[in-house]
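A.B. asks: need a 3D model of the following:
(chains A and B)
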Number of protein chains: 2
Amino acid sequence: MDKLVYNFSAGPAMLPVEVMKQAQAEFRDFNGLGVSVMELSHRGADYMAVAAQAERDLRELMQIPDNYKVLFLQGGGRGQFAAVPLNLMGKNAKADYIVTGQWSKSAVAEAEKVGKVRVLDGLQKTADGRQALATGWDLDPTAAYVHYCPNETVEGIEYDFIPDTGDVPLVADMSSTILSRPVDVSRFGIIYAGAQKNIGPSGLAVVIVRDDLLAQACPQTPAILDYAAMAKADSMLNTPPTYAWYLSGLVFQWLKRQGGLAAIGERNQAKAELLYGFVDASDFYRNDIAPSARSWMNVPFWLKDDALNDAFLKEAKAAGLLALKGHRIVGGMRASLYNAMPIEGVQALVSFMDKFAKQHG
Amino acid sequence: MDKLVYNFSAGPAMLPVEVMKQAQAEFRDFNGLGVSVMELSHRGADYMAVAAQAERDLRELMQIPDNYKVLFLQGGGRGQFAAVPLNLMGKNAKADYIVTGQWSKSAVAEAEKVGKVRVLDGLQKTADGRQALATGWDLDPTAAYVHYCPNETVEGIEYDFIPDTGDVPLVADMSSTILSRPVDVSRFGIIYAGAQKNIGPSGLAVVIVRDDLLAQACPQTPAILDYAAMAKADSMLNTPPTYAWYLSGLVFQWLKRQGGLAAIGERNQAKAELLYGFVDASDFYRNDIAPSARSWMNVPFWLKDDALNDAFLKEAKAAGLLALKGHRIVGGMRASLYNAMPIEGVQALVSFMDKFAKQHG
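C.D. replies: Next up, the predicted model:
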């Protein structure tokens, strides 16, 4: 019998239980071949079918237009922090970066190795002092692209709109929000995401890139980060992370069985509202982000007394509620509610938080 | 009951059966935590212990001196083709590359994006026309480093000696030979390897780098390829490929139980000699590489009539002998005999080859 735990890790994060059961069952004998999917040559027909199916399912889920390539690469989101400027700054080495937190800031550092970066503040305060998102920016219409991070995993800040950048291609680090709700891919030049939150295990990055952006790479771009070369080779210029790609494919199929992104989006909203609603109604817990900017995926909250943090984490773990410690930069707690987290997990968390507040309030 | 197959894939390759059984058993519940090792945060104590143990075991197996860092990175061997020049050419942008086949040649292309590369022929013919390794090269004593590939996976050519490069650091792409026999790490500046042959699943690269080589990176080096930054962060500057790292750790423990590299080296030699001996004694099969340059890990062989290739592969597969097709560049057949391949697999292959030759000879 399974031990009942809910894993709120920000990433690597929990994967759907159904997916993990299937992967375990066929771990050493995939499709009756007598070997693991991770022991298959990536050039063989058996693995190629797995890879192609995953791409088809992702295209269907996100309704990716035909003029976009889908790449399965290595190096995670941070690899893409470098890949984006290397692939886009070959002809025009300047870009605008909207910064809203830790991850969009980290992207700037890699872009500055390649070209000229203008940093634009993406945050503003509401009248009542809450953290909100800026809705206008002093964009450079001659920039090669505009980069932003729709969901900041550390701060728990998420866009509920897509920035309008006119004719300048918009590049989004969707690592912690991809597949969490429907999104209009045609509004983006590039969408990329590290897999270890809403896609699959760590070690994989998914890149969705519009065809016309494949012809402006810097000549020094390493092959493993070169979108055009990878697109030409169906992401197999070198040996891809085959097992992570396969597991991601199982997640895509699971998402289709859940009803796709519209259905999962409704569930994610309900999960987030349950937790934020409880926190807002409490005088023991707090979250200071404006409702319009609150993340559905990563919910940071703070206890009224930091001295209780250790007790909270210890008792939560004993109750089967794992990985709730907030990022060291912001402290407090953080519950990551990715697609694989069932509503029952959030209910269990709220119930525990209520009990803890009554005991320690 | 397991289906009995032997998987001769060149990579991703078979993993030890014992390792795969353990990984399957604890796939969804690692150490009683109720979650998979791939669902653990890389920053948590549970996963950090896995990562640290893997490094300790690799250090013990290879007897890696204390003045070398061990890194667990993404991007495979081809990522390191770029990382090596980016990390070593910051102060002196020229290097010598000894080319002996497909992989050492591919490394040149990435290095040429960073600096000046001299290509040195690493091959020579024996008096009887066989392919052998050159033992002297016109090395530049002022080069930043000398790069070579001790085992060419495609051609089946392996060094049985370490080139003497004097004071110039020697860099080795050991992707398909690492851990196959003892090696004196102190003779190298850098050893790197894609994992998917003798270490673990694809998506991981292991880099062993001497401390004094960590201070000469080019400023444009992407963070995910930056050895000094990765060494400082214990390979966790970004989320590492945690599951591949864990599985590699299980392989290292398995290798220790086998008696370490001296014991596994003897077995690998015996496996290779069994197959080469059979091929040499046959007038149906052939291998034209000089005995001193023959790979223990990748054994290419050709049938006397290429028209029989399809029948050979079909009948081999029916007999449970998988992935024997040679690389498209050289044709014929290739049996990869990495550590995980038991002698029984080679015996089964030789027995099948004998039967096939008698039927079709």
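A.B. asks: C-alpha from now on. contacts and neighbour counts both.
C.D. replies: Fine.
A.B. asks: quick one: low-confidence ranges for chain A?
C.D. replies: Scanning chain A for pLDDT under 70 picks out A:1-3.
A.B. asks: elements contacting the longest helix along it?
C.D. replies: Across chain A, the longest stretch assigned as helix under DSSP state H is helix A:260-281. Using 3 or more C-alpha pairs under 8 Å, 6 or more residues apart in numbering or on different chains; DSSP states H and E, the elements in contact with helix A:260-281 are helix A:45-62, strand A:285-286, strand A:298-303, helix A:343-360.
A.B. asks: quick one: buried residues of the first one?
C.D. replies: When you say that, I think you mean helix A:45-62. Residues A:47, A:48, A:50, A:51, A:53, A:54, A:55, A:57, A:58, A:59, A:61, A:62 are the ones in helix A:45-62 that count as buried (16 or more other C-alpha atoms under 10 Å in any protein chain shown).
A.B. asks: got the CA positions of that helix in CSV?
C.D. replies: Written as CSV, here are the backbone C-alpha positions of helix A:45-62 (Å, rounded to 0.1, in the frame of the first residue of the first chain):
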residue,chain,number,x,y,z
ALA,A,45,12.3,3.1,-34.4
ASP,A,46,11.0,2.2,-30.9
TYR,A,47,12.3,5.3,-29.2
MET,A,48,11.7,7.6,-32.2
ALA,A,49,8.0,6.7,-31.9
VAL,A,50,8.0,7.7,-28.2
ALA,A,51,9.7,11.0,-29.0
ALA,A,52,7.3,11.9,-31.9
GLN,A,53,4.2,11.0,-29.9
ALA,A,54,5.3,13.3,-27.1
GLU,A,55,5.7,16.2,-29.5
ARG,A,56,2.3,15.5,-31.1
ASP,A,57,0.6,15.4,-27.7
LEU,A,58,2.3,18.7,-26.6
ARG,A,59,1.3,20.4,-29.9
GLU,A,60,-2.3,19.2,-29.4
LEU,A,61,-2.4,20.3,-25.7
MET,A,62,-1.0,23.8,-26.3
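A.B. asks: any idea how far that helix is from the chain center?
C.D. replies: Its chain's C-alpha centre and that of helix A:45-62 lie 20 Å apart, by C-alpha atoms, centre = their mean, to the nearest Å.
A.B. asks: quick one, domains of chain A?
C.D. replies: For chain A, automatic domain parsing gives the domain ranges A:20-257, A:259-360.
A.B. asks: so where do the strands sit in the stretch 201-350 of chain A?
C.D. replies: For the stretch 201-350 of chain A, strands defined by DSSP state E, counting those that start in this stretch occupy the ranges A:205-210, A:285-286, A:298-303, A:321-322, A:333-336.
A.B. asks: from the chain's centre, how far out does the second one sit?
C.D. replies: Spelled out, it's strand A:285-286. Centre to centre, stretch against its chain (C-alpha atoms, centre = their mean), the figure for strand A:285-286 is 25 Å.
A.B. asks: what residues does the stretch 251-361 of chain A put near chain B?
C.D. replies: Proximity of the stretch 251-361 of chain A to chain B (C-alpha under 8 Å from any C-alpha of the partner chain) is limited to residues residue A:323.
A.B. asks: so which residue of the stretch 251-361 of chain A comes closest to chain B?
C.D. replies: Nearest residue of the stretch 251-361 of chain A to chain B (C-alpha to the nearest C-alpha) works out as residue A:323 at 7.9 Å.
A.B. asks: make TSV from the helices and strands packed on helix A:260-281 and add distance to residue B:166 to it.
C.D. replies: Below are those laid out as TSV (distance: least, C-alpha to C-alpha, whole Å):
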stretch	distance to residue B:166
helix A:45-62	44
strand A:285-286	64
strand A:298-303	54
helix A:343-360	62
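A.B. asks: and residue A:91, what is it in contact with?
C.D. replies: By C-alpha atoms under 8 Å, 6 or more residues apart in numbering or on different chains, residue A:91 lies in contact with A:216, A:217, A:218.
A.B. asks: typo on my end, residue A:312
C.D. replies: residue A:356.
A.B. asks: next one: residue A:351 from residue A:345, what distance?
C.D. replies: 10 Å (C-alpha to C-alpha, to the nearest Å).
A.B. asks: which one of these two has more residues nearby?
C.D. replies: The neighbour comparison of residue A:351 against residue A:345 (other C-alpha atoms under 10 Å in any protein chain shown) goes to residue A:345, with 20 against 12.
A.B. asks: quick check, that one in contact with residue A:6.
C.D. replies: Yes: at 5.7 Å, residue A:345 counts as touching residue A:6 under the criterion of C-alpha atoms under 8 Å.
A.B. asks: touching chain B at all, stretch A:202-213?
C.D. replies: Yes: for stretch A:202-213, a contact with chain B is found by C-alpha under 8 Å from any C-alpha, at A:202, A:203, A:204.
A.B. asks: and that stretch, how far out from the chain middle?
C.D. replies: Stretch A:202-213 has its C-alpha centroid displaced from the chain centroid by 13 Å (C-alpha atoms, centre = their mean).
A.B. asks: pull stretch A:117-137 out as PDB, backbone CA atoms only.
C.D. replies: Extracted in PDB, the C-alpha atoms of stretch A:117-137 (Å, rounded to 0.1, in the frame of the first residue of the first chain):
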ATOM      1  CA  VAL A 117      20.400  44.300 -22.100                       C
ATOM      2  CA  ARG A 118      18.000  46.900 -20.900                       C
ATOM      3  CA  VAL A 119      16.400  46.000 -17.600                       C
ATOM      4  CA  LEU A 120      12.800  47.100 -17.100                       C
ATOM      5  CA  ASP A 121      11.100  47.000 -13.800                       C
ATOM      6  CA  GLY A 122       8.100  44.800 -14.100                       C
ATOM      7  CA  LEU A 123       6.700  45.400 -10.600                       C
ATOM      8  CA  GLN A 124       4.600  48.200  -9.000                       C
ATOM      9  CA  LYS A 125       2.800  48.600  -5.700                       C
ATOM     10  CA  THR A 126      -0.900  48.900  -5.300                       C
ATOM     11  CA  ALA A 127      -2.500  51.700  -3.300                       C
ATOM     12  CA  ASP A 128      -2.700  49.400  -0.300                       C
ATOM     13  CA  GLY A 129       1.000  48.500  -0.500                       C
ATOM     14  CA  ARG A 130       0.700  45.100  -2.200                       C
ATOM     15  CA  GLN A 131       3.100  43.800  -4.800                       C
ATOM     16  CA  ALA A 132       1.500  44.000  -8.300                       C
ATOM     17  CA  LEU A 133       2.700  43.800 -11.900                       C
ATOM     18  CA  ALA A 134       3.400  46.800 -14.000                       C
ATOM     19  CA  THR A 135       1.300  46.900 -17.100                       C
ATOM     20  CA  GLY A 136       3.300  49.400 -19.200                       C
ATOM     21  CA  TRP A 137       7.000  49.400 -19.900                       C
END
